[in-house]
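Need a 3D model of the following:
(2 chains)
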Amino acid sequence: MRHKPAIAPNIPSVSADPTVEVTMTVNGQTVTRHVSPRMLLTDFIRHELGLTGTHVGCEHGVCGACTVLIDGRAARACLTFAVQADGAELRTIESEASEDGTLSELQKAFAECHGLQCGYCTPGFIMNIRAHLESGEKLDLSDEGIRDMISGNLCRCTGYKNIVAAVRKSAQHFNRK
Amino acid sequence: MSTRQFGAKISRNIDPELLRGEGKFTDDIPLPGALHAAFVRSPFARARIEAIDTSDALACPGVVAVYTCDNIEHLDRELPLLIPHPSMNNARTQRPLAREDVYYVGQPVAMVVAVNRYVAEDAALLVDVDYDALDVELDMEKAILDDAPLVHPSHPNNIAADFTQVSGNPDTAIAAAEHVTKLRVQVDRSTAAPMECRTVAAWFDHVSSELTVWDGTQAPIGVRGGLASLFDLDEDKVRVIAPHVGGGFGQKVMFPYADEILVPYAAINLGKPIKYIEDRRENFIGSNQERTQIHTIELYATKSGEVLALSDDFLHDTGAFIPYGIAVAQVASTSIAGPYRIPNIRVRFRAVYTPTVPVTPYRGCGRPQACFAIERAMDQLADELGIDRFEIRRRNLIRDDEFPYARDGLLFADGLQVKHDSGQYLRALEMAREAIGWDDFPAKQAEARAEGRYLGLGLAFYVEGTGLGPYEGGHIKIHPITGKVYVNTGLAGQGQGHETSFAQIVADQLGVNVSDVIFREGDTGAYDWGVATFASRAAVVSGNAIYKAAKVVRQQLVEAAANMLEAPTDEIELTDGYASVKGTNRKIAYSTIATATNPLRYAFNEAAQIATQFAPASKHDGPPLAEGQHPGLEATDYFSPSCATWAYGVHAAIVEIDPVTCRVVFHKYVCIHDCGNMINPTIVEGQVMGGLAQGIGGALFEHIEFDDDGNLTNANFVDFLIPYATEIPDIEIQHLETPSPLNPLGVKGVGEAGCIAVGATVASGLADAVSHVSGSKFHYTPVTPDMILEALPQGTAQPPD
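Sure thing, here's the model as predicted:
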């Protein structure tokens, strides 16, 4: 097989899509980009901003892997266009640990309870649980209550038992604060 | 470390980066200027392609290339048959892009490359393919009839393989039997559905002629071999990296998928990095699946319940192609007698082509089907003979003193004789009986029945041949600067915690912290001897290879330290990264030893000053590196198992049917499990628990549905029901640790264990729950609410308000 093209092909670098300006606050920092109106928020976060901790599991809003906080509420970034988040305040998994990389109590609880295996769904779980912890609502920390809290996120590795334990552990810490 | 790390519950080394969102999955790898691929896929289960017109797609702004079978040069060929076997005649494999015919809905027909995925998908819709649809038959039992439409005209009756294995003398044993029980059971189609779909990215450096491929695969070395062969590149010019991989469960051990060769091809062809990130719908219709088998099993027994012979004849759905050979069916056929003595076995299977997504292993790989067949049969035999379900098993289980227990004539998926190497089957059954509360159960069930409730106890035993060869390697090196221990192996991880389990093995040998072991796998640029991650083999095969290599490095450390500290080797202790002389404060850091054992010219740091050839300590006669010696502290070793090692376990559950919704409620679920010595019980339990959850999905929810035309009608997570946390009960796991005699660590595999027995356990429990009102035996999984409704007396189930 020929491994070198004779003449480098003329390859376009951008699509013909029109672009619009979007500005939002992501993990405390204001960002402005010009993007296609059909760009998904997942692609915006991951590939425009380079924050690849937000994962894409199903692209139809069922698995929860892409969960981020939009104005404090857990939301599916795969079902959101970047333009819809114009003016919003976003938080992604990259905001969860402190600047020096120290894990949050929630992240520590996941590690201590072995609440993750492949780690692909984990950022979505963490952001969803984070929204609950900060919601100000009284949390139901019964087994059933926790399972209900995380029932918008699919995990294919753990069987959930250890995630339930991690939520309980971190919520107790949160309640003490 | 003074505390033994092997066997300790240690948090995983990999977790912090994954938790911070700093994991590096394929689509996270920054490839500036990358183009993106999308596929045109067949909308027909079987059709002739009359014409393909790509002109509109090519005219789409932002499109760079459109590939069909006509412009992929030598790649327009049938892909390799990965595992040949004489039972197959002219085994059919897929072409990367369809030529003239399509064989399943989802088969790749063309690949579009564009500036981004959005444009690539736009253009894929503009590829105009003219199909002439052909008749199809999806039902395996009809597909083998003489007048059925053929998937491949080359294969009459759609038979891909026909294979019979015999152990003992079944005919004689059958003639002597006093009782026969016969049943037909079916486990239907499912899919692995890893959270990260399959992914491929490739970059060809035209200056160095090096191809780098990032591939979410379980088999990077295999992919590398395939690519080097197909592209006629030296193996050293192809580097395949399986970065973090978001679950595999078997689906990602298959290679090459069309994208795995077309993406590198386009990267070479266009001189640009190319990415293909499969979406969820494509994962359903384009990535391999497993499970449908229809078994007709017969047990020939004495009146006291001793099973003398087993006969099983099953159909195995292999989908449209059979690229992985008969592996799944062979594992099922050799696991069919489960944990039971049954000395006489005849098992035949026919693998059947159906115009559906190809079938290759999914976690369990034939074992759930075999377990379902034998365990439902044991329940039926118990019922027919009036013997308690635990008791009939007790009478047939292989006793402790009978190990190793070989089944002459049955060859496992490694081509070697089935030999149950060790176990405590009777004790495991007893533990399950106690844990589930069998003695109290009849009273509870009677009470429930008096209240009109449906309460049942389910039971199933399983065995799992694990840790197949041929071999894996382990490479260990102590770094001279940091003193950290670097460990490599050739297979790849998808969340199993290899980095931690293997670090525990090394930490014990070398006296370092688990967190100071830097582990790398799945990168042919780092280490390229070995096979892949499948068949619950990583801990057994790579684990023991790493153990052997660690022992060599330990010896090197001790000898070098003894020399440097001027003490006998038996007085050297290795602790916390230092070698010391017992009972003294004389010690020396590994980094210093590693540097000193490497004759240097340049003094790049303080430790290096004593290792340069001009340093007084280095002065000696002869060459600085003696003949046969190699520099530093480093070793490679391999482990090649003599045959598979057999893990096992027992599941028991108390289930209740909700008569309103026909939902199954788990009151208790216990799992007794034995995978030999446990390296890290936390990780073992995680594997078992995850497998159990997949098993519950397979028992009750997850079902790939095809319509009569072969369309996969539930190719999404809304309709294909993976359990959420709300569907999975809290499960009690208890361990036995019966060491395997087949490897130095005494370990057995655990990856697939959890899922194997769940279908059989649930069906057993449901049949028991309705046994007073219904003859329903639940010989099919997944069990749907409709099936439960049918099993209840008419008028019992109440429609929800």
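
who's in contact with A:Val68?
A:Leu41, A:Ile45, A:Thr54, A:Ala74, A:Ala75, A:Ala77, A:Leu90, A:Arg91, A:Thr92, A:Ile93, A:Met127 (C-beta atoms under 8 Å, 6 or more residues apart in numbering or on different chains). In this view, the C-beta of every residue, glycine as well, is placed from N, C-alpha and C.

would CSV of the residues you listed with distance to B:Ile476 be doable?
Shown next, in CSV, are the contacts of A:Val68 (distance: C-beta to C-beta, whole Å):
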residue, distance to B:Ile476
A:Leu41, 44
A:Ile45, 39
A:Thr54, 36
A:Ala74, 44
A:Ala75, 46
A:Ala77, 42
A:Leu90, 44
A:Arg91, 42
A:Thr92, 38
A:Ile93, 34
A:Met127, 39
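
In helices only, show me the residues you listed.
A:Leu41, A:Met127 (DSSP state H).

which of the contacts of A:Val68 lies closest to chain B?
Looking at those and their distance to chain B, the nearest is A:Ile93, at 3.5 Å (C-beta to the nearest C-beta).

B:Phe372 reaches B:Tyr780, doesn't it?
No. B:Phe372 is beyond contact range of B:Tyr780, at 9.1 Å (criterion: C-beta atoms under 8 Å).

if you count what's nearby, which of these two comes out ahead?
Between B:Phe372 and B:Tyr780, B:Phe372 has the larger neighbour count (other C-beta atoms under 10 Å in any protein chain shown), namely 34 against 18.

Let me know the secondary structure of the more buried one.
At B:Phe372 the chain is in helix, as set by DSSP: H, G, I helix; E, B strand; the rest coil.

just to revisit the earlier point, name the residues contacting each of B:Phe372 and B:Tyr780.
Here B:Phe372 and B:Tyr780 have B:Val185, B:Val187 as joint contacts, going by C-beta under 8 Å, 6+ apart.

Give me the buried positions along the strand or helix carrying A:Ala171.
Using DSSP states H and E, A:Ala171 falls within helix A:161-176. Neighbour-count burial for helix A:161-176 flags A:Lys161, A:Asn162, A:Ile163, A:Val164, A:Ala165, A:Ala166, A:Val167, A:Arg168, A:Lys169, A:Ser170, A:Ala171, A:Phe174 (criterion: 16 or more other C-beta atoms under 10 Å in any protein chain shown).

check contacts around the last one.
Neighbour list for A:Phe174: A:Glu105, A:Leu106, A:Leu133 [criterion: C-beta under 8 Å, 6+ apart].

Among these, which ones lie close to chain B?
Checked against chain B using C-beta under 8 Å from any C-beta of the partner chain, the contacts of A:Phe174 yield no neighbours at all.

From these, pick the one nearest A:Leu154.
A:Leu106 (18.9 Å; C-beta to C-beta).

Might you report the residue contacts of the closest one?
By C-beta under 8 Å, 6+ apart, the neighbours of A:Leu106 are A:Glu96, A:Ile126, A:Ile129, A:Arg130, A:Leu133, A:Ala166, A:Ser170, A:Phe174.

Pull the number of nearby residues for the fifth one.
Per other C-beta under 10 Å, the neighbour tally for A:Leu133 reads 21.

contacting residues for it?
A:Leu106, A:Leu139, A:Ser170, A:Ala171, A:Phe174.

Those: which two are farthest apart?
Among those, A:Leu106 and A:Leu139 lie farthest apart (C-beta to C-beta), at 12.6 Å.

which stretches of chain A have low pLDDT?
Scanning chain A for pLDDT under 70 picks out A:1-8, A:175-177.

Show me it divided up by domain.
When chain A is parsed into structural domains using automatic domain parsing, the resulting residue ranges are A:20-95, A:105-176.

nearest to chain B, of the contacts of A:Phe174?
Distances from chain B to the contacts of A:Phe174, taken by C-beta to the nearest C-beta, are shortest for A:Leu106, at 8.8 Å.

Nearest to chain A within chain B, name that residue for me.
Closest point on chain B to chain A, by C-beta to the nearest C-beta, is B:Gly21, at 1.9 Å.

since we're on that residue, how many residues are nearby?
Neighbour tally, B:Gly21, other C-beta under 10 Å: 24.

Likewise for A:Gly152?
Around A:Gly152 there are 18 residues (other C-beta under 10 Å).

likewise B:Val238?
24.

hang on, the earlier thing: phi, psi for the residue of chain B closest to chain A please.
The phi/psi pair for B:Gly21 (degrees, to the nearest 10) reads phi 80, psi 20.

which residues does it contact?
Here B:Gly21 is in contact with A:Leu51, A:Thr52, A:Gly53, A:Thr54, A:Thr92, A:Ile93, A:Glu94, A:Glu96, A:Pro123 (criterion: C-beta under 8 Å, 6+ apart).

Ramachandran coordinates for the fourth one?
So that's A:Thr54. Per degrees, to the nearest 10, the backbone of A:Thr54 is at phi -80, psi 120.

I'd say it and A:Thr42 touch.
Yes. Under the criterion of C-beta under 8 Å, A:Thr54 makes contact with A:Thr42 at 6.2 Å.

For those two, list the residues in contact with both.
A:Cys66, A:Ala77.

More neighbours: these two, which one.
Ranked by neighbour count (other C-beta under 10 Å), A:Thr54 and A:Thr42 place A:Thr54 first, with 25 against 21.

In contact with that one, which residues?
A:Thr42, A:Ile45, A:Arg46, A:Cys66, A:Val68, A:Ala77, A:Thr92, A:Ile93, A:Pro123, A:Gly124, B:Gly21.

out of the residues you listed, which are inside strands?
Counting by DSSP state E, the part of the contacts of A:Thr54 found in strands is A:Val68.

Count the neighbours of A:Gly145 for me.
Around A:Gly145 there are 15 residues (other C-beta under 10 Å).

longest single helix anywhere in chain B?
helix B:543-565.

quick one: average pLDDT of that one?
For helix B:543-565, mean pLDDT is 96.

C-alpha coordinates for that helix, CSV please?
Extracted in CSV, the C-alpha atoms of helix B:543-565 (Å, rounded to 0.1, in the frame of the first residue of the first chain):
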residue,chain,number,x,y,z
GLY,B,543,-0.8,-11.4,37.5
ASN,B,544,1.4,-14.5,37.7
ALA,B,545,3.8,-13.2,34.9
ILE,B,546,4.3,-10.0,36.9
TYR,B,547,4.8,-12.0,40.1
LYS,B,548,7.5,-14.1,38.5
ALA,B,549,9.2,-11.0,37.1
ALA,B,550,9.0,-9.3,40.5
LYS,B,551,10.8,-12.3,42.1
VAL,B,552,13.6,-11.9,39.7
VAL,B,553,14.0,-8.2,40.4
ARG,B,554,13.8,-8.9,44.1
GLN,B,555,16.8,-11.2,43.8
GLN,B,556,18.7,-8.6,41.8
LEU,B,557,17.9,-6.0,44.5
VAL,B,558,19.0,-8.3,47.3
GLU,B,559,22.3,-9.2,45.5
ALA,B,560,23.2,-5.7,44.5
ALA,B,561,22.3,-4.4,48.0
ALA,B,562,24.3,-7.1,49.7
ASN,B,563,27.3,-6.2,47.5
MET,B,564,26.9,-2.4,48.3
LEU,B,565,26.2,-2.8,52.0
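
the helices in the stretch 301-450 of chain B, which residues?
B:327-334, B:367-385, B:389-396, B:425-436, B:441-450 (DSSP state H, counting those that start in this stretch).

then the longest one to CSV, C-alphas only?
These are the backbone C-alpha positions of helix B:367-385, laid out as CSV (Å, rounded to 0.1, in the frame of the first residue of the first chain):
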residue,chain,number,x,y,z
ARG,B,367,-21.6,-19.6,30.5
PRO,B,368,-24.9,-17.9,31.4
GLN,B,369,-26.7,-20.0,28.7
ALA,B,370,-25.1,-23.3,29.9
CYS,B,371,-25.8,-22.4,33.5
PHE,B,372,-29.4,-21.6,32.7
ALA,B,373,-29.8,-25.0,30.9
ILE,B,374,-28.2,-27.2,33.5
GLU,B,375,-29.7,-25.4,36.5
ARG,B,376,-33.2,-25.2,35.2
ALA,B,377,-32.8,-28.9,34.4
MET,B,378,-31.6,-29.7,38.0
ASP,B,379,-34.6,-27.9,39.4
GLN,B,380,-36.9,-29.9,37.1
LEU,B,381,-35.3,-33.2,38.0
ALA,B,382,-35.6,-32.4,41.7
ASP,B,383,-39.3,-31.5,41.2
GLU,B,384,-40.0,-34.7,39.2
LEU,B,385,-38.2,-37.0,41.7
